[in-house]
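J.: Sequence first, predicted model second:
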Amino acid sequence: MLIRSWGLLFACWSVLRSQPTLVVYPIISGLASSLFVAIFLIPLYFTGYFDGMLGRETVAVYSNGYHTASTPDFLPWQSWAVMFALGLVLNLVTNFCNAAFTAATLIRLSGGQVTVGEAFEVAVARLPAIVGYSMIGATIGLVIRVVEERVGILGRLIGVAVGLAWAVATFLVVPVLVVENVGPVEGIKRSMSMLRRTWGEGLVCRVGIGAASGLISLAFMLACGIVVAIAVQIGSVPLIVMSVLAAIAGLIAIGVISRTLAGIFTAALYAYATGRGTMPGIPADLITGAFGPRSGSRL
């Protein structure tokens, strides 16, 4: 499986080299998410909304000393509402950009041409389903958070299990919503059905691609650490600053490319699972290897 994951990583990299504009979509997603989070949270921060909301002790200073007051153990309903709204915004922005990315990837891998604007037009056409799916995702996220807050360590374990199950169930939801024009619930059902037909190995391969990218990131961080250490020994402040900035930029670039490669693989896996064949640039044995032996038609 590890060898196949590396093979898929380089195959998807080959596709990205032939279609470099695909990297635009993860960049737009990251920038848009950061912008909306800032717009959402900055006003709350400056109005003092976050003071004491995490259940920590607050200390009021009086002329005759200190008075300590404990905040409630659990978050008030207003905080849950804020968390749900923030989760909804992040889910919506991410899913919307992923829908445009999936549309562009499938069109380009099938030999067609599409502009960034046209790809986002496809996402706009699927907006009702994307909003519904994002609301479900935000609700699941809030439920996980509530369980973690109220059940302690066991709640965290339950949260991890539920989060993993949700990630598995929704592995191919976005391609389904984009191509098949179904509702969010049907999209989740279709994703689960296709995942069962791949015996889960498609998911494992994508995790493997993430692990391979993680190893590359680790190697890059070690190299940057060595350079920064040398700069510190030399005592050159400009070299230290440049090294740190280069390290940050490099890690961001690796993260963006990793997301792009994972998206390419997901689109290719969906295309094969739905009978559209293998995608140009990705060897057939690699993509078909994500499917265990099975009888009958694909889907």
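T.: Received, thanks. Just so we're clear, the structure is a prediction, and the values are computed from it rather than from any experiment.
J.: and the gap between residue 232 and residue 240?
T.: 6 Å (C-beta to C-beta, to the nearest Å). C-beta: built from backbone N, CA, C; applies to glycine.
J.: Mind checking which of the two has more residues around it?
T.: residue 240 (17 against 13; other C-beta atoms under 10 Å).
J.: which element is the more buried one on?
T.: According to DSSP states H and E, residue 240 maps onto helix 237-273.
J.: Please look at residue 16 and residue 265 and confirm they touch.
T.: No: here residue 16 does not reach residue 265: they are 10.8 Å apart, not a contact under C-beta atoms under 8 Å.
J.: who has more neighbours, the two?
T.: residue 265 (27 against 19).
J.: The more buried one against residue 13, yeah?
T.: No: judged on C-beta under 8 Å, residue 265 makes no contact with residue 13 at a distance of 10.6 Å.
J.: So which elements touch the helix holding residue 240?
T.: helix 2-18, helix 24-46, helix 77-109, helix 173-180, helix 184-197, helix 201-234, helix 284-288 (3 or more C-beta pairs under 8 Å, 6 or more residues apart in numbering; DSSP states H and E).
J.: out of those, nearest to residue 167?
T.: helix 201-234 (8.4 Å; C-beta to C-beta).
J.: Tell me where the model's unsure across the stretch 51-200 of the chain.
T.: 51-77, 197-200 (pLDDT under 70).
J.: So residue 228 sits against residue 242, correct?
T.: No: taking contacts as C-beta under 8 Å, residue 228 lies outside contact range of residue 242: 9.8 Å.
J.: ok, back up a step: can you redo the helices and strands packed on helix 237-273 as JSON lines with distance to residue 123?
T.: JSON lines is the format used below for the helices and strands packed on helix 237-273 (distance: least, C-beta to C-beta, whole Å):
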{"stretch": "helix 2-18", "distance to residue 123": "20"}
{"stretch": "helix 24-46", "distance to residue 123": "10"}
{"stretch": "helix 77-109", "distance to residue 123": "4"}
{"stretch": "helix 173-180", "distance to residue 123": "8"}
{"stretch": "helix 184-197", "distance to residue 123": "14"}
{"stretch": "helix 201-234", "distance to residue 123": "21"}
{"stretch": "helix 284-288", "distance to residue 123": "25"}
